[in-house]
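*Asks:* Coordinates only, no sequence provided:
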């Protein structure tokens, strides 16, 4: 790396890699678009290579850019630690967490509260999206780590098994299948299903556990919100497959009832990092906290 490369140029490079346009990168950095263009051009000149492929006003990392991104991300992260080295906080730096919906809504608030109480760290940013979107953001180093419900087979990621979650089938209290001890799997094929969107961990579990056992199944409604699916099932629009964590309040107040299948469905929550991501002391502390806190007591318990 040439000695004349600056932190500002690396900040511009990383922002463009994440945003893919000069305009949005400039907005992210509170710079003018010409300033971003000049900084990127200088960096590419100093590196002796173009770092992006240009196509229809969007910029996509090429092989040279992909090689530089982990190093640039690490240098910026180390700079963040240095800038806060002598602050009073126990840990310095920003922590950007990506969480899939069930984890983000039902687990993460309680976990972050405990983490703040223990460490005094306050600079967290949370992005909640489906598991596929979280993994995509990890690819571009836009997140420090992900907390997801789905399975990941991509070798670019380091996946740490974290905890288990029970899945169940539920419906309204007056549904024809409600109130029975056990339901034969074939009977589920006679009713419409209310499901999350493709790419979500919950939809993946339906496709893994239930869909292969049915001779056929009908999609009644697809919604990218667990709460909306709960409400749709509660008013009788169909069956749904969802996390017990998401459903527990609706089950408790009688809006939903569990449909007994006679067999269990469980999935694994995972902590996910890009293998080339620099693990700052803050990231390592948060990972260790998650593992220890999970062993100590259930998260998000009512």
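*Replies:* Received it, and whenever you're ready, just let me know what you need. Computed from a predicted structure; not experimentally measured. Numbering: from 1, shown residues only.

*Asks:* any chance you could read off phi and psi for residue 60?
*Replies:* Taking degrees, to the nearest 10, you get phi -120, psi 130 for the backbone angles of residue 60.

*Asks:* ditto for residue 158
*Replies:* Backbone torsions of residue 158, given as degrees, to the nearest 10, read phi -100, psi 120.

*Asks:* again, but for residue 164
*Replies:* Residue 164 adopts backbone torsions of phi -110, psi 150, taken as degrees, to the nearest 10.

*Asks:* cool, residue 169 as well?
*Replies:* phi -100, psi 130.

*Asks:* How about the helix or strand harbouring residue 221, which residues are buried there?
*Replies:* In the assignment (DSSP states H and E), residue 221 maps to strand 218-222. For strand 218-222, the neighbour count (16 or more other Cβ atoms under 10 Å) marks residue 220 as buried. All C-beta spots, glycine's among them, are computed from the backbone N, C-alpha and C.

*Asks:* roughly how far out does the helix or strand following it sit from the chain middle?
*Replies:* Heading C-terminal from strand 218-222, the first helix or strand you meet, by DSSP H and E, is helix 226-234. With Cα atoms, centre = their mean, to the nearest Å as the basis, helix 226-234 stands 21 Å off its chain's centre.

*Asks:* and if you look at stretch 237-244?
*Replies:* For stretch 237-244, the gap between its own C-alpha mean and the chain's C-alpha mean amounts to 21 Å (Cα atoms, centre = their mean).

*Asks:* Looking at it now, give me its mean pLDDT.
*Replies:* Averaging pLDDT along stretch 237-244 gives 94.

*Asks:* got it, and stretch 258-272?
*Replies:* 90.

*Asks:* Between the two ends of it, how far is it?
*Replies:* End-to-end span of stretch 258-272 (Cα to Cα, to the nearest Å): 31 Å.

*Asks:* Which positions within that stretch qualify as buried?
*Replies:* Neighbour-count burial for stretch 258-272 [16+ other Cβ under 10 Å]: 259, 261, 265, 267, 269-272.

*Asks:* Touching the strand holding residue 221 from outside, list them.
*Replies:* The contact list for strand 218-222, computed with Cβ atoms under 8 Å, 6 or more residues apart in numbering, reads 189, 191-197, 229, 232, 237-238.

*Asks:* Quick one, which of these are buried?
*Replies:* If we count by 16+ other Cβ under 10 Å, those have these buried: 191, 193-196, 229, 232, 237-238.

*Asks:* Give me the pLDDT for residue 87.
*Replies:* Looking at residue 87, its pLDDT reads 60.

*Asks:* mind showing which ranges of this protein have poor pLDDT?
*Replies:* Residue ranges of the chain with pLDDT under 70: 1-3, 81, 84-91, 294-302.

*Asks:* now with 50?
*Replies:* Residue ranges of the chain with pLDDT under 50: 1-2, 89, 295-302.

*Asks:* Spell out which residues make up each domain of it.
*Replies:* The chain breaks down into these domains under automatic domain parsing: 7-83, 95-163+268-296, 166-266.

*Asks:* circling back to that earlier point, just the ones of the buried ones among the contacts of strand 218-222 in helices?
*Replies:* The helices, defined by DSSP state H, take in 229, 232 from the buried ones among the contacts of strand 218-222.

*Asks:* between the buried ones among the contacts of strand 218-222, which is nearest residue 16?
*Replies:* residue 196 (32.3 Å; Cβ to Cβ).

*Asks:* show me the contacts for that closest one.
*Replies:* For residue 196, the contact set (Cβ under 8 Å, 6+ apart) comprises 101, 130, 202-203, 222-224, 226, 229, 242.
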